[in-house]
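Visitor: requesting a structural model of the entry that follows:
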Amino acid sequence: MSAVQLTVDGMTCGGCSSRLKRVLEAADGVTSADIVLETKQVSVDFEDAQIGQSGIETIIQDAGFTVVAA
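Guide: Purely as a prediction, here's the structure:
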């Protein structure tokens, strides 16, 4: 299992962060997602064999949010 922490722009309310959490946790290979709206931090635990960081970033972007480059 692996984990990644990303900064995500576009979340403006609790509804946004809740929706993103649901979308991430519904993805194959994602075991959990935690979001802190105030800091725009998204932490995702995932199975390497099923999804990688780029797949997680694609899910976030497809949901209408922007992953901020580190």
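Visitor: can you give me the strands for this structure?
Guide: Per DSSP state E, the chain carries strands over the ranges 2-9, 30-36, 41-46, 66-68.
Visitor: the third one pairs with which strands?
Guide: In the sheet, strand 41-46 lines up against strand 2-9 (antiparallel), strand 30-36 (antiparallel) (DSSP bridges).
Visitor: try the last one
Guide: Strand 66-68 has the following strand partners under DSSP bridges: strand 2-9 (antiparallel).
Visitor: low-confidence ranges in this structure?
Guide: 70 (pLDDT under 70).
Visitor: what about the longest helix in it?
Guide: In the chain, assigned by DSSP state H, the helix with the most residues is helix 14-26.
Visitor: which of the strands paired with strand 41-46 sits most buried?
Guide: Sort the strands paired with strand 41-46 by mean neighbour count, taking mean count of other Cβ atoms under 10 Å, and strand 30-36 sits at the top with a mean of 16. From N, CA and C alone the C-beta is placed, and that goes for glycine too.
Visitor: list the contacts of that strand.
Guide: Contact with strand 30-36 is made by 1, 8, 11, 17, 20-21, 24-25, 41-47, 51, 56, as judged by Cβ atoms under 8 Å, 6 or more residues apart in numbering.
Visitor: look up how far Asp48 lies from the nearest residue to Met11 once chain neighbours are set aside.
Guide: The spatially closest residue to Met11, leaving aside those adjacent along the chain, is Ser17, at 5.1 Å (Cβ to Cβ, 6 or more residues apart in numbering). Remark: distance between Ser17 and Asp48 (Cβ to Cβ, to the nearest Å) = 25 Å.
Visitor: stretch 54-65: how far from the chain's middle?
Guide: 7 Å (Cα atoms, centre = their mean, to the nearest Å).
Visitor: what residues of it count as buried?
Guide: For stretch 54-65, the neighbour count (16 or more other Cβ atoms under 10 Å) marks 56-57, 59-60, 63, 65 as buried.
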